[in-house]
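A.B. asks: A predicted structure for the sequence below; I have some questions about it.
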Amino acid sequence: MENRPNSTTVGFTLLPSELIHFIILRLALPDIFHLKSVNKFITSVISDQDFLRDYNLRSSSSTWLFVYKKRWHRDPVVIHGFTRSSERWFKVMIGDILKPVIPPGEDLYFLTASGNFFLFALNCSREVVSVNPMTKKVQKVPHSPLGPRGTSSWRRSGIKLLAGPPGSGRFRFLFAEMVGNSPTLFEYDSRTNEWKSTVARESVVSPNMSSSRIENRDGDRIFLSASNGPRRSVVISVGPDMNEPVVVQPVFSGVVEDGELAVGFSWGSVINRLHIYGDGRMLIVRSGPDSLDDANQGIRVVKGVELWGLGPNGRQWAFVSRVPNGLIDEIKKPYGVMMGCLEEREGTIGAILMSNFEGVWDIIWLSFDIEKSKWALDPLPEFKMQGSNMAGVTFSSGLTIC
(Lines give C-alpha, C1' and ligand atoms only; values in the text may rest on other atoms or scores of the structure.)
Protein backbone atom coordinates (compact mmCIF):
# COMPACT_ATOMS: atom_id res chain seq x y z
CA MET A 1 0.00 0.00 0.00
CA GLU A 2 1.33 3.44 -0.90
CA ASN A 3 2.09 5.69 2.08
CA ARG A 4 0.59 9.11 1.30
CA PRO A 5 0.17 11.80 3.94
CA ASN A 6 -3.50 12.32 4.77
CA SER A 7 -5.15 15.48 6.03
CA THR A 8 -4.53 14.47 9.65
CA THR A 9 -0.79 14.09 9.06
CA VAL A 10 -0.58 17.42 7.20
CA GLY A 11 -2.52 19.16 9.96
CA PHE A 12 -0.19 17.68 12.54
CA THR A 13 2.85 19.22 10.84
CA LEU A 14 1.25 22.67 11.07
CA LEU A 15 1.43 22.61 14.86
CA PRO A 16 4.20 24.60 16.61
CA SER A 17 7.52 22.72 16.46
CA GLU A 18 7.80 22.69 20.28
CA LEU A 19 4.41 20.98 20.56
CA ILE A 20 5.31 18.43 17.87
CA HIS A 21 8.55 17.71 19.74
CA PHE A 22 6.55 17.24 22.97
CA ILE A 23 4.05 14.85 21.35
CA ILE A 24 6.55 12.67 19.50
CA LEU A 25 8.76 12.46 22.58
CA ARG A 26 5.99 10.52 24.32
CA LEU A 27 5.39 7.98 21.57
CA ALA A 28 6.75 4.45 21.52
CA LEU A 29 9.58 3.98 19.04
CA PRO A 30 7.58 1.79 16.58
CA ASP A 31 4.96 4.57 16.35
CA ILE A 32 7.71 7.11 15.65
CA PHE A 33 9.10 4.97 12.84
CA HIS A 34 5.62 4.72 11.35
CA LEU A 35 5.28 8.51 11.35
CA LYS A 36 8.73 8.79 9.84
CA SER A 37 7.71 6.57 6.94
CA VAL A 38 4.77 8.79 5.93
CA ASN A 39 6.10 12.30 6.50
CA LYS A 40 9.48 13.89 5.73
CA PHE A 41 8.94 16.65 8.28
CA ILE A 42 8.71 14.07 11.05
CA THR A 43 12.01 12.62 9.81
CA SER A 44 13.69 15.99 10.26
CA VAL A 45 12.30 16.28 13.81
CA ILE A 46 13.57 12.91 15.03
CA SER A 47 16.94 13.48 13.34
CA ASP A 48 17.54 16.56 15.47
CA GLN A 49 20.29 15.93 18.04
CA ASP A 50 18.34 17.58 20.87
CA PHE A 51 15.38 15.30 20.16
CA LEU A 52 17.59 12.21 19.98
CA ARG A 53 19.16 13.04 23.33
CA ASP A 54 15.82 13.73 25.02
CA TYR A 55 14.12 10.66 23.54
CA ASN A 56 16.92 8.23 24.35
CA LEU A 57 17.10 9.52 27.91
CA ARG A 58 13.34 9.13 28.34
CA SER A 59 13.23 5.71 26.68
CA SER A 60 16.14 4.38 28.73
CA SER A 61 14.16 5.00 31.92
CA SER A 62 10.89 3.52 30.60
CA THR A 63 9.76 -0.05 31.22
CA TRP A 64 8.86 -2.49 28.47
CA LEU A 65 7.48 -6.00 28.67
CA PHE A 66 8.81 -8.39 26.02
CA VAL A 67 7.35 -11.82 25.32
CA TYR A 68 8.51 -14.55 22.96
CA LYS A 69 5.93 -17.13 21.93
CA LYS A 70 6.24 -19.79 19.26
CA ARG A 71 4.31 -22.70 17.81
CA TRP A 72 7.02 -24.55 15.89
CA HIS A 73 10.81 -24.39 15.64
CA ARG A 74 10.50 -23.09 12.08
CA ASP A 75 8.24 -20.16 12.95
CA PRO A 76 9.78 -16.70 12.33
CA VAL A 77 11.33 -15.28 15.50
CA VAL A 78 9.11 -12.39 16.60
CA ILE A 79 9.33 -10.65 19.96
CA HIS A 80 6.14 -8.95 21.16
CA GLY A 81 6.60 -5.79 23.22
CA PHE A 82 4.35 -3.54 25.26
CA THR A 83 4.89 -0.29 27.14
CA ARG A 84 2.53 1.87 29.18
CA SER A 85 2.80 4.77 26.72
CA SER A 86 0.93 2.73 24.12
CA GLU A 87 -2.29 0.75 23.95
CA ARG A 88 -1.16 -2.13 21.77
CA TRP A 89 1.46 -4.81 21.37
CA PHE A 90 4.35 -4.17 18.99
CA LYS A 91 6.22 -6.76 16.97
CA VAL A 92 10.01 -6.77 16.90
CA MET A 93 10.94 -8.80 13.81
CA ILE A 94 14.32 -10.43 14.30
CA GLY A 95 13.96 -13.73 12.46
CA ASP A 96 15.84 -12.57 9.33
CA ILE A 97 18.62 -11.08 11.47
CA LEU A 98 19.16 -14.41 13.22
CA LYS A 99 19.23 -16.57 10.09
CA PRO A 100 23.01 -16.31 9.41
CA VAL A 101 23.92 -17.77 12.82
CA ILE A 102 21.00 -20.05 13.70
CA PRO A 103 21.17 -23.56 12.21
CA PRO A 104 17.93 -25.13 10.89
CA GLY A 105 15.84 -26.81 13.58
CA GLU A 106 17.52 -24.92 16.44
CA ASP A 107 15.36 -24.38 19.53
CA LEU A 108 15.58 -20.78 20.79
CA TYR A 109 14.76 -19.48 24.26
CA PHE A 110 14.50 -15.76 25.01
CA LEU A 111 16.69 -15.04 28.05
CA THR A 112 16.52 -11.29 28.66
CA ALA A 113 16.73 -7.82 27.10
CA SER A 114 18.16 -4.39 27.83
CA GLY A 115 17.96 -1.30 25.63
CA ASN A 116 18.47 -2.40 22.03
CA PHE A 117 19.90 -5.81 22.91
CA PHE A 118 18.02 -9.12 23.07
CA LEU A 119 19.72 -12.26 24.37
CA PHE A 120 18.77 -15.80 23.29
CA ALA A 121 19.91 -19.23 24.42
CA LEU A 122 20.18 -21.99 21.81
CA ASN A 123 19.11 -25.28 23.27
CA CYS A 124 20.62 -27.65 20.70
CA SER A 125 24.03 -26.02 20.22
CA ARG A 126 24.00 -24.71 23.83
CA GLU A 127 25.17 -21.26 22.76
CA VAL A 128 24.08 -17.70 23.51
CA VAL A 129 23.51 -15.02 20.85
CA SER A 130 22.75 -11.31 21.09
CA VAL A 131 20.57 -9.42 18.63
CA ASN A 132 20.32 -5.67 18.07
CA PRO A 133 17.18 -5.07 15.94
CA MET A 134 18.06 -1.39 15.45
CA THR A 135 21.46 -2.03 13.84
CA LYS A 136 20.42 -5.50 12.61
CA LYS A 137 23.54 -6.95 14.16
CA VAL A 138 23.77 -10.43 15.65
CA GLN A 139 26.74 -11.99 17.38
CA LYS A 140 27.54 -15.17 19.23
CA VAL A 141 28.62 -14.84 22.83
CA PRO A 142 31.60 -17.12 23.52
CA HIS A 143 31.11 -19.89 26.05
CA SER A 144 31.55 -18.80 29.64
CA PRO A 145 34.28 -20.39 31.80
CA LEU A 146 31.65 -22.98 32.78
CA GLY A 147 31.42 -24.18 29.18
CA PRO A 148 28.33 -24.78 27.00
CA ARG A 149 25.00 -24.40 28.79
CA GLY A 150 21.53 -25.57 27.79
CA THR A 151 18.46 -23.40 28.21
CA SER A 152 17.53 -25.09 31.51
CA SER A 153 20.86 -23.96 33.04
CA TRP A 154 19.93 -20.28 32.92
CA ARG A 155 17.97 -18.99 35.92
CA ARG A 156 16.06 -15.77 35.33
CA SER A 157 16.90 -14.35 38.77
CA GLY A 158 20.59 -15.10 38.25
CA ILE A 159 21.19 -13.18 35.02
CA LYS A 160 21.38 -9.49 34.11
CA LEU A 161 21.93 -7.77 30.76
CA LEU A 162 23.28 -4.21 30.87
CA ALA A 163 23.16 -2.16 27.68
CA GLY A 164 25.80 0.53 27.20
CA PRO A 165 24.99 4.17 26.39
CA PRO A 166 22.80 4.65 23.28
CA GLY A 167 24.89 4.34 20.14
CA SER A 168 27.79 2.61 21.88
CA GLY A 169 26.89 -0.84 20.56
CA ARG A 170 28.17 -2.31 23.82
CA PHE A 171 26.58 -4.51 26.44
CA ARG A 172 27.59 -6.57 29.46
CA PHE A 173 26.04 -9.89 30.43
CA LEU A 174 26.27 -11.07 34.04
CA PHE A 175 25.22 -14.27 35.74
CA ALA A 176 25.71 -15.82 39.17
CA GLU A 177 26.35 -19.49 39.80
CA MET A 178 27.50 -21.79 42.55
CA VAL A 179 30.85 -23.29 41.52
CA GLY A 180 31.41 -26.03 44.03
CA ASN A 181 30.53 -24.24 47.28
CA SER A 182 31.66 -20.83 46.03
CA PRO A 183 29.12 -18.22 44.81
CA THR A 184 30.74 -16.85 41.66
CA LEU A 185 29.99 -13.84 39.45
CA PHE A 186 30.61 -14.17 35.71
CA GLU A 187 30.75 -11.10 33.47
CA TYR A 188 30.94 -10.90 29.68
CA ASP A 189 31.89 -7.59 28.00
CA SER A 190 30.96 -7.30 24.30
CA ARG A 191 33.66 -4.67 23.82
CA THR A 192 36.46 -7.10 24.64
CA ASN A 193 34.50 -10.26 23.72
CA GLU A 194 35.85 -11.86 26.88
CA TRP A 195 34.58 -13.30 30.16
CA LYS A 196 35.91 -12.75 33.64
CA SER A 197 34.86 -14.49 36.84
CA THR A 198 35.08 -13.42 40.46
CA VAL A 199 34.37 -15.44 43.59
CA ALA A 200 32.08 -13.38 45.82
CA ARG A 201 33.28 -12.82 49.37
CA GLU A 202 31.14 -13.19 52.46
CA SER A 203 29.70 -9.89 53.66
CA VAL A 204 30.78 -8.64 57.06
CA VAL A 205 28.14 -6.52 58.77
CA SER A 206 27.47 -5.55 62.34
CA PRO A 207 24.39 -7.26 63.86
CA ASN A 208 23.03 -3.93 65.09
CA MET A 209 23.37 -2.07 61.78
CA SER A 210 20.13 -0.42 60.65
CA SER A 211 21.24 -0.57 57.03
CA SER A 212 24.23 -1.88 55.16
CA ARG A 213 26.17 -1.79 52.00
CA ILE A 214 24.22 -4.82 50.88
CA GLU A 215 20.77 -3.24 50.84
CA ASN A 216 21.92 -0.08 49.05
CA ARG A 217 18.89 0.61 46.90
CA ASP A 218 20.03 4.16 46.10
CA GLY A 219 23.44 3.08 44.85
CA ASP A 220 22.61 1.09 41.70
CA ARG A 221 23.75 -2.19 43.16
CA ILE A 222 22.92 -5.35 41.22
CA PHE A 223 21.49 -8.43 42.94
CA LEU A 224 21.81 -11.87 41.34
CA SER A 225 20.60 -15.16 42.78
CA ALA A 226 23.22 -17.92 42.80
CA SER A 227 20.71 -20.39 44.29
CA ASN A 228 17.26 -20.40 45.88
CA GLY A 229 15.90 -23.02 48.26
CA PRO A 230 12.74 -23.38 50.33
CA ARG A 231 14.28 -21.59 53.30
CA ARG A 232 17.62 -20.10 52.23
CA SER A 233 18.88 -18.18 49.21
CA VAL A 234 22.36 -17.25 48.07
CA VAL A 235 22.45 -13.73 46.58
CA ILE A 236 25.44 -11.93 45.08
CA SER A 237 25.46 -8.15 45.40
CA VAL A 238 27.80 -6.03 43.28
CA GLY A 239 28.22 -2.33 42.54
CA PRO A 240 28.16 -0.69 39.09
CA ASP A 241 31.96 -1.03 38.80
CA MET A 242 31.62 -4.82 39.19
CA ASN A 243 34.39 -4.86 41.78
CA GLU A 244 34.29 -6.84 45.03
CA PRO A 245 31.03 -8.76 44.73
CA VAL A 246 29.71 -9.83 48.12
CA VAL A 247 27.37 -12.67 49.01
CA VAL A 248 24.52 -12.84 51.50
CA GLN A 249 22.37 -15.80 52.43
CA PRO A 250 18.94 -14.55 53.52
CA VAL A 251 16.77 -17.04 55.40
CA PHE A 252 13.01 -17.19 54.90
CA SER A 253 11.24 -17.46 58.25
CA GLY A 254 7.70 -17.00 57.00
CA VAL A 255 4.86 -19.43 57.54
CA VAL A 256 4.77 -22.40 55.19
CA GLU A 257 1.27 -23.82 54.93
CA ASP A 258 2.30 -26.78 52.82
CA GLY A 259 5.41 -28.84 52.43
CA GLU A 260 6.01 -28.20 48.73
CA LEU A 261 6.86 -25.10 46.74
CA ALA A 262 7.97 -24.20 43.23
CA VAL A 263 10.72 -21.75 42.36
CA GLY A 264 10.15 -19.72 39.20
CA PHE A 265 7.72 -22.19 37.60
CA SER A 266 4.69 -23.94 39.12
CA TRP A 267 3.13 -27.03 37.56
CA GLY A 268 0.81 -29.59 39.08
CA SER A 269 -2.08 -29.28 41.48
CA VAL A 270 -0.15 -30.25 44.61
CA ILE A 271 2.14 -27.20 44.68
CA ASN A 272 0.36 -24.15 46.03
CA ARG A 273 3.29 -21.84 46.78
CA LEU A 274 5.36 -20.27 44.01
CA HIS A 275 8.50 -18.23 44.75
CA ILE A 276 9.67 -15.74 42.10
CA TYR A 277 13.03 -14.01 42.59
CA GLY A 278 14.66 -10.98 41.02
CA ASP A 279 16.84 -7.98 41.92
CA GLY A 280 17.16 -9.02 45.56
CA ARG A 281 13.39 -9.36 45.96
CA MET A 282 11.10 -12.33 46.39
CA LEU A 283 7.46 -12.65 45.36
CA ILE A 284 5.39 -15.37 47.02
CA VAL A 285 2.29 -16.45 45.11
CA ARG A 286 -0.09 -18.54 47.20
CA SER A 287 -2.72 -20.53 45.33
CA GLY A 288 -5.36 -23.17 45.89
CA PRO A 289 -8.59 -24.58 44.52
CA ASP A 290 -11.70 -22.42 44.67
CA SER A 291 -13.99 -25.40 45.10
CA LEU A 292 -13.98 -29.16 45.63
CA ASP A 293 -14.55 -29.69 41.90
CA ASP A 294 -11.53 -27.51 41.13
CA ALA A 295 -9.45 -29.54 43.57
CA ASN A 296 -10.48 -32.78 41.89
CA GLN A 297 -9.56 -31.38 38.46
CA GLY A 298 -6.25 -29.86 39.55
CA ILE A 299 -7.45 -26.29 38.94
CA ARG A 300 -6.07 -23.50 41.12
CA VAL A 301 -6.54 -19.74 41.51
CA VAL A 302 -4.30 -17.13 43.09
CA LYS A 303 -5.22 -16.62 46.76
CA GLY A 304 -2.56 -14.12 47.78
CA VAL A 305 0.66 -12.40 46.68
CA GLU A 306 3.39 -11.15 49.03
CA LEU A 307 6.53 -9.12 48.37
CA TRP A 308 9.68 -9.75 50.42
CA GLY A 309 13.11 -8.07 50.32
CA LEU A 310 16.53 -8.38 51.89
CA GLY A 311 16.59 -7.45 55.56
CA PRO A 312 18.86 -4.64 56.86
CA ASN A 313 21.92 -6.89 57.21
CA GLY A 314 21.08 -9.28 54.40
CA ARG A 315 20.61 -12.28 56.70
CA GLN A 316 16.84 -12.60 56.44
CA TRP A 317 14.08 -12.18 53.91
CA ALA A 318 11.97 -9.33 55.30
CA PHE A 319 8.26 -8.91 54.57
CA VAL A 320 7.52 -5.76 52.54
CA SER A 321 3.90 -5.73 51.40
CA ARG A 322 0.89 -7.82 50.43
CA VAL A 323 -1.29 -7.30 47.35
CA PRO A 324 -4.71 -6.00 48.54
CA ASN A 325 -7.65 -8.40 48.38
CA GLY A 326 -9.38 -6.17 45.85
CA LEU A 327 -6.57 -6.65 43.35
CA ILE A 328 -6.42 -10.37 44.11
CA ASP A 329 -10.08 -10.64 43.14
CA GLU A 330 -9.25 -8.99 39.78
CA ILE A 331 -6.50 -11.50 38.96
CA LYS A 332 -8.20 -14.58 40.40
CA LYS A 333 -8.41 -16.74 37.29
CA PRO A 334 -8.12 -20.53 37.03
CA TYR A 335 -4.75 -21.91 35.96
CA GLY A 336 -2.82 -25.15 35.73
CA VAL A 337 0.69 -23.76 35.09
CA MET A 338 2.26 -20.49 36.25
CA MET A 339 5.62 -18.78 35.77
CA GLY A 340 6.82 -15.26 36.40
CA CYS A 341 9.56 -12.66 36.53
CA LEU A 342 10.38 -9.87 38.95
CA GLU A 343 12.41 -6.69 38.45
CA GLU A 344 13.00 -3.36 40.18
CA ARG A 345 13.36 -0.26 38.01
CA GLU A 346 13.15 3.47 38.73
CA GLY A 347 11.62 3.02 42.19
CA THR A 348 8.98 0.54 41.03
CA ILE A 349 8.94 -3.24 41.37
CA GLY A 350 7.31 -4.98 38.44
CA ALA A 351 6.00 -8.55 38.55
CA ILE A 352 4.73 -10.63 35.66
CA LEU A 353 2.58 -13.70 36.31
CA MET A 354 2.02 -15.86 33.24
CA SER A 355 -0.49 -18.66 33.69
CA ASN A 356 -1.88 -21.32 31.38
CA PHE A 357 -5.31 -22.87 31.57
CA GLU A 358 -6.42 -25.44 29.02
CA GLY A 359 -3.86 -24.25 26.46
CA VAL A 360 -4.57 -20.52 26.82
CA TRP A 361 -1.95 -18.22 28.34
CA ASP A 362 -2.84 -15.21 30.48
CA ILE A 363 -0.51 -12.34 31.45
CA ILE A 364 -0.80 -10.29 34.64
CA TRP A 365 1.40 -7.21 35.25
CA LEU A 366 1.55 -6.03 38.88
CA SER A 367 3.47 -2.94 39.99
CA PHE A 368 4.53 -1.84 43.46
CA ASP A 369 5.53 1.80 44.04
CA ILE A 370 8.23 1.60 46.72
CA GLU A 371 7.96 5.20 47.95
CA LYS A 372 4.15 5.19 48.12
CA SER A 373 3.96 1.53 49.19
CA LYS A 374 1.11 1.10 46.72
CA TRP A 375 0.15 -1.77 44.40
CA ALA A 376 -1.36 -1.36 40.93
CA LEU A 377 -2.58 -3.67 38.19
CA ASP A 378 -1.26 -2.54 34.80
CA PRO A 379 -3.85 -3.24 32.09
CA LEU A 380 -2.59 -5.16 29.07
CA PRO A 381 -4.23 -5.35 25.66
CA GLU A 382 -5.37 -8.75 24.43
CA PHE A 383 -2.49 -11.04 23.55
CA LYS A 384 -3.49 -14.10 21.53
CA MET A 385 -1.41 -17.06 22.63
CA GLN A 386 -3.71 -20.06 22.31
CA GLY A 387 -1.79 -23.06 21.05
CA SER A 388 1.58 -21.33 21.45
CA ASN A 389 4.51 -22.27 23.64
CA MET A 390 5.95 -19.70 26.01
CA ALA A 391 9.65 -19.27 25.18
CA GLY A 392 10.66 -16.32 27.34
CA VAL A 393 9.38 -13.19 29.06
CA THR A 394 11.29 -10.26 30.54
CA PHE A 395 11.16 -6.62 31.56
CA SER A 396 13.53 -4.21 29.83
CA SER A 397 14.34 -0.58 29.30
CA GLY A 398 12.99 0.91 26.06
CA LEU A 399 14.51 0.83 22.62
CA THR A 400 16.60 3.85 21.69
CA ILE A 401 17.32 5.62 18.42
CA CYS A 402 20.87 4.90 17.27
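C.D. replies: That came in fine, so what should we check first?

A.B. asks: which stretches of the stretch 201-350 of the chain have low pLDDT?
C.D. replies: With pLDDT under 70 as the threshold, the stretch 201-350 of the chain has low-confidence stretches at 204-219, 254-271, 295-296.

A.B. asks: mind running it again at 50?
C.D. replies: Scanning the stretch 201-350 of the chain for pLDDT under 50 picks out the ranges 206-218, 259, 265, 267-270.

A.B. asks: residue ranges for the strands of it, please.
C.D. replies: Defined through DSSP state E, counting those that start in this stretch, the strands belonging to the stretch 201-350 of the chain, from first to last, are 201-202, 222-228, 233-238, 246-248, 262-263, 265-267, 273-278, 281-288, 301-310, 317-322, 337-345, 348-357.

A.B. asks: mind putting those strands into CSV with mean neighbour count and distance to Val77?
C.D. replies: Just so you know, the C-beta spots here come from the backbone N, C-alpha and C atoms, and that holds for glycine as well. Written out in CSV, the entries for the strands of the stretch 201-350 of the chain read as follows (neighbours: other Cβ atoms under 10 Å; distance: least, Cβ to Cβ, whole Å):
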stretch, mean neighbour count, distance to Val77
strand 201-202, 11, 40
strand 222-228, 22, 27
strand 233-238, 24, 31
strand 246-248, 23, 36
strand 262-263, 18, 28
strand 265-267, 17, 22
strand 273-278, 24, 25
strand 281-288, 21, 29
strand 301-310, 20, 31
strand 317-322, 17, 37
strand 337-345, 20, 20
strand 348-357, 20, 19
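
A.B. asks: nearest to Trp89, out of the ones you listed?
C.D. replies: Each of the strands of the stretch 201-350 of the chain was checked against Trp89 via Cβ to Cβ, and the shortest separation belongs to strand 348-357, namely 14.2 Å.

A.B. asks: and that closest one with strand 301-310, angle?
C.D. replies: With axes from the mean of the first three to the mean of the last three Cα atoms, to 10 degrees as the basis, strand 348-357 and strand 301-310 are set at 150 degrees to each other.

A.B. asks: tell me which residues in the following helix or strand past strand 348-357 are buried?
C.D. replies: On the C-terminal side of strand 348-357, the nearest following helix or strand under DSSP states H and E is strand 360-369. Within strand 360-369, the residues that count as buried by 16 or more other Cβ atoms under 10 Å are 361-366, 368.

A.B. asks: quick one: residues in contact with the helix or strand just after strand 360-369.
C.D. replies: Next in sequence after strand 360-369, counting helices and strands by DSSP H and E, comes strand 374-378. By Cβ atoms under 8 Å, 6 or more residues apart in numbering, the surrounding residues in contact with strand 374-378 are 84, 321, 323-324, 327, 330-331, 364-369.

A.B. asks: tell me what the nearest residue to Ser355 once chain neighbours are set aside is bridged to.
C.D. replies: If you skip the residues right next to it in sequence, Ser355 has Tyr335 as its closest partner in space, 3.5 Å away by Cβ to Cβ, 6 or more residues apart in numbering. Beta-bridge partners recorded for Tyr335 (DSSP bridges): Arg300.

A.B. asks: repeat that for Arg172.
C.D. replies: Counting by DSSP bridges, Arg172 forms beta bridges with Leu162, Asp189.

A.B. asks: touching, it and Glu194? I think so.
C.D. replies: No: under the criterion of Cβ atoms under 8 Å, Arg172 lies out of contact with Glu194, with a separation of 11.2 Å.

A.B. asks: quick one, which of the two is more surrounded?
C.D. replies: For Arg172 versus Glu194, the count of surrounding residues by other Cβ atoms under 10 Å is larger for Arg172: 17 against 10.

A.B. asks: and that one, what does it touch?
C.D. replies: With contacts taken as Cβ under 8 Å, 6+ apart, Arg172 has the following neighbours: 161-162, 164, 187-190, 242.

A.B. asks: can you check the pLDDT for it?
C.D. replies: What the model reports as pLDDT for Arg172 is 96.

A.B. asks: for Asp75, same thing?
C.D. replies: Asp75 carries a pLDDT score of 72 in this model.

A.B. asks: do the same with Cys402
C.D. replies: With respect to pLDDT, Cys402 scores 73.

A.B. asks: likewise for Gly387?
C.D. replies: 67.

A.B. asks: same check on the one 4 residues further on?
C.D. replies: We have a pLDDT of 88 for Ala391.

A.B. asks: which residue sits closest to it, ignoring its sequence neighbours?
C.D. replies: With Cβ to Cβ, 6+ apart as the measure, Tyr68 is the residue that lies nearest to Ala391, at 4.6 Å, once sequence neighbours are left out.

A.B. asks: state the distance from the one you found to Gly150.
C.D. replies: Using Cβ to Cβ, to the nearest Å, we find Tyr68 at a distance of 17 Å from Gly150.
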